[in-house]
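Asks: with the sequence up front, the predicted model follows.
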Amino acid sequence: EMQKAQQNFEQRKKKKKKKKQELTDLSKHINNLNYSLQSLSIYRTMFEKFDTVKSKLTDLEKESLNNSSLHREMEEQQVAQQRINQLIDKGNRELQKSKDLFSTRKAEVAVYEQQNHSVNFNQLQKNIADNTLRLSALRAAKNLWTRLVKVYDEAEEAQIQVNASRIAIDQLTKDLARQDQEIDMAMQNFKAAQENYSYHNSQSIEAMRRNLKEGAPCPVCGGTHHPYHTESAREIGKIFETIEQRYKEANEQLEDLKNKARNLRATLANKQGRYEVEQQNYERLMTTLQSSQEEWKEFTTLDSTFKDCSASVNRQARMITLEQLIDNTESSLLRQQEEHNAYSKNQESINSLNQLIRTLSDRVAEETAQMAQLDAQLKIIRSKQNDYKQRINISDRRLKEIYSDLDLMITDSGWMAKWRNNPELYSSHLSSLFHNWIDTTKKLDEALQKRELNENFVQQQEKELQVAQQFINTTREHRDATRELIRIKQDEL
């Protein structure tokens with residue numbers, strides 16, 4: 001009993017020592033965690049409201065972007081206002097100058113009006129402008145038709161190539177099928193010749209030859225006449241040579257047909273590859289053709305025959321028509337320009353004055369309209385500036401409120417400069433600190449709980465060791481008393 005008690009005592013002692021070592025290691029770990037937690041404790045106020053901090057930082061970023069955008073737009077409006085004010089000043093001077101010049105030229109025209117003949121100058125100008133636009137359109141149509149003809153020719157040639165390739169592929173497919181049939185027939189002939197050759201080289205052929213009877217069919221060739229049955233060995237040798245020759249020829253024919261079939265398949269694969277490339281080229285040309293046909297619709301009003309631009313149109317005739325129309329338009333335009341030059345030369349003074357008056361009138365009207373437009377733009381800009389000022393004031397107040405709230409919660413010194421340098425990186429940094437705080441706190445709680453459990457276990461072990469030591473002492477005393485009693489009994493004995 002004392003030995004068992006001692007063993008139990010030693011085991012408990014080892015457990016106690018092990019737990020004390022664990023307590024020592026755990027204390028070091030707790031100290032490290034407390035140190036880490038202490039370094040993060042300056043952020044405790046921020047961590048307690050971390051969700052609010054994150055939300056406020058997001059609001060701060062959004063509002064900062066909005067504020068920057070508002071200030072930038074406000075500066076743009078100020079620049080625009082300065083530019084418009086300069087344009088208004090310049091416009092007023094130009095307008096007054098145009099009005100004075102208009103009055104002077106009007107007085108000069110009054111002197112020449114009695115000598116001026118009525119000429120429809122506006123219509124002449126309109127005709128020149130119309131013919132100029134028509135000539136430009138006709139030249140563009142000619143260029144487009146040249147491209148269309150080229151695409152039509154290329155598409156037709158590509159279609160011919162595609163059809164030719166398709167026909168060639170079909171023919172090769174048929175030739176290959178016919179070649180396969182010939183191979184099957186050649187294979188049958190080869191097998192028959194091979195069987196005949198093998199059969200004539202077998203050991204039993206001599207016995208069959210001896211059993212042949214004139215008029216009875218041969219089991220090899222089926223013939224009823226058997227000249228070699230009675231003829232010399234020389235004739236028999238010739239028959240064997242013939243059978244062997246047929247076997248070799250059947251084999252050569254079969255191999256030749258197989259080689260041809262392989263060549264046909266290779267040619268077919270090549271043709272199919274070319275067919276796919278030609279088909280893609282044809283589809284590309286058709287897409288280009290459809291695009292050009294759609295573009296041609298812009299020129300259908302130039303001539304009644306231009307509505308149709310399909311492949312059925314006589315391309316050479318269409319080109320001749322375009323060239324004739326261009327020549328006619330150029331002639332008409334040249335004639336109108338000559339009339340205009342003659343008119344200008346004959347009535348240079350009146351026409352130049354009238355043209356100048358019309359130009360001045362248009363200029364005055366245009367400048368007046370521009371001034372009105374500039375005034376309207378200036379009013380709009382001023383209205384926008386007032387709106388931007390109000391929005392900037394609201395944004396500034398909002399930024400100030402968010403900054404004040406964050407400055408009370410964020411305990412990181414110089415946080416605003418860090419955030420402005422890189423808002424996303426700084427938010428990530430705060431999140432990392434927060435998660436580190438949570439993780440350290442959790443680990444510290446777990447370590448403290450574990451240390452408490454180990455301390456309780458060590459205390460329990462110390463109590464049990466005391467009880468075990470008392471039991472050992474009692475057992476030792478009982479053992480010693482028993483030994484003394486034995487010694488007394490031995491002496492008595």
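Replies: Nice, I can see it. Residues are numbered from 1 along each chain as shown.

Asks: against which helices or strands is the helix or strand containing residue 277 packed?
Replies: In this structure, residue 277 sits in helix 233-296 according to DSSP states H and E. Applying 3 or more CB pairs under 8 Å, 6 or more residues apart in numbering; DSSP states H and E, one finds that helix 233-296 contacts helix 121-200. All C-beta atoms are positioned from the backbone trio N, CA, C, and that covers glycine.

Asks: pLDDT weak spots in the stretch 1-150 of the chain?
Replies: Judged by pLDDT under 70, the stretch 1-150 of the chain has its weakly predicted residues at 36-45, 47-48, 50, 111-120.

Asks: quick one, strands of it?
Replies: Using DSSP state E, counting those that start in this stretch, the stretch 1-150 of the chain contains no strands.

Asks: tilt between the helix holding residue 277 and helix 121-200?
Replies: 170 degrees (axes from the mean of the first three to the mean of the last three CA atoms, to 10 degrees).

Asks: could you look up the next helix or strand downstream of helix 233-296?
Replies: Later in the chain than helix 233-296, the nearest helix or strand by DSSP H and E is helix 315-346.

Asks: what helices or strands is the helix or strand containing residue 365 leaning on?
Replies: Residue 365 belongs to helix 348-409 when assigned by DSSP H and E. Counting contacts by 3+ CB pairs under 8 Å, 6+ apart, helix 348-409 packs against helix 50-112, helix 315-346, helix 415-421.

Asks: and the helix holding residue 277, how far out from the chain middle?
Replies: 42 Å (CA atoms, centre = their mean, to the nearest Å).

Asks: so what does residue 485 look like in phi/psi?
Replies: Per-residue torsions, residue 485: phi -60, psi -40 (degrees, to the nearest 10).

Asks: the helix holding residue 365 vs helix 121-200, what angle?
Replies: Relative orientation of helix 348-409 versus helix 121-200 (the same axes, to 10 degrees): 60 degrees.

Asks: can you list the helices and strands packed on helix 348-409 in JSON lines and add mean neighbour count and distance to residue 439?
Replies: Formatted as JSON lines, those follow (neighbours: other CB atoms under 10 Å; distance: least, CB to CB, whole Å):
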{"stretch": "helix 50-112", "mean neighbour count": "14", "distance to residue 439": "14"}
{"stretch": "helix 315-346", "mean neighbour count": "14", "distance to residue 439": "82"}
{"stretch": "helix 415-421", "mean neighbour count": "14", "distance to residue 439": "22"}
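
Asks: of those helices, which is nearest residue 134?
Replies: helix 315-346 (5.4 Å; CB to CB).

Asks: so residue 457 sits right up against residue 20, yeah?
Replies: No. Judged on CB atoms under 8 Å, residue 457 makes no contact with residue 20 at a distance of 10.0 Å.

Asks: can I get the helices and strands packed on helix 348-409 in CSV with distance to residue 25?
Replies: Putting these into CSV (distance: least, CB to CB, whole Å) gives the following:
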stretch, distance to residue 25
helix 50-112, 32
helix 315-346, 97
helix 415-421, 37
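
Asks: nearest to residue 383, of the ones you listed?
Replies: helix 50-112 (9.9 Å).

Asks: what packs against that closest one?
Replies: Counting contacts by 3+ CB pairs under 8 Å, 6+ apart, helix 50-112 packs against helix 348-409, helix 423-492.

Asks: right, and these - which one's nearest residue 54?
Replies: Per CB to CB, nearest to residue 54 of the helices and strands packed on helix 50-112: helix 423-492, 7.0 Å.

Asks: picking up where we left off before, could I get the helices and strands packed on helix 50-112 as CSV with mean pLDDT and distance to residue 24?
Replies: Converted to CSV, the helices and strands packed on helix 50-112 look like this (pLDDT from 0 to 100; distance: least, CB to CB, whole Å):
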stretch, mean pLDDT, distance to residue 24
helix 348-409, 81, 40
helix 423-492, 79, 10
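
Asks: just tell me which of the ones you listed ends up closest to residue 272.
Replies: Taking CB to CB, helix 423-492 is the member of these nearest to residue 272, at 56.6 Å.

Asks: returning to that earlier point: wait, which of the helices and strands packed on helix 348-409 is closest to residue 136?
Replies: For residue 136, the closest of those is helix 315-346, at 9.7 Å, according to CB to CB.

Asks: on that earlier part again, relative to residue 8, which of the helices and strands packed on helix 50-112 is closest?
Replies: Of all the helices and strands packed on helix 50-112, helix 423-492 sits nearest to residue 8, with 5.9 Å by CB to CB.
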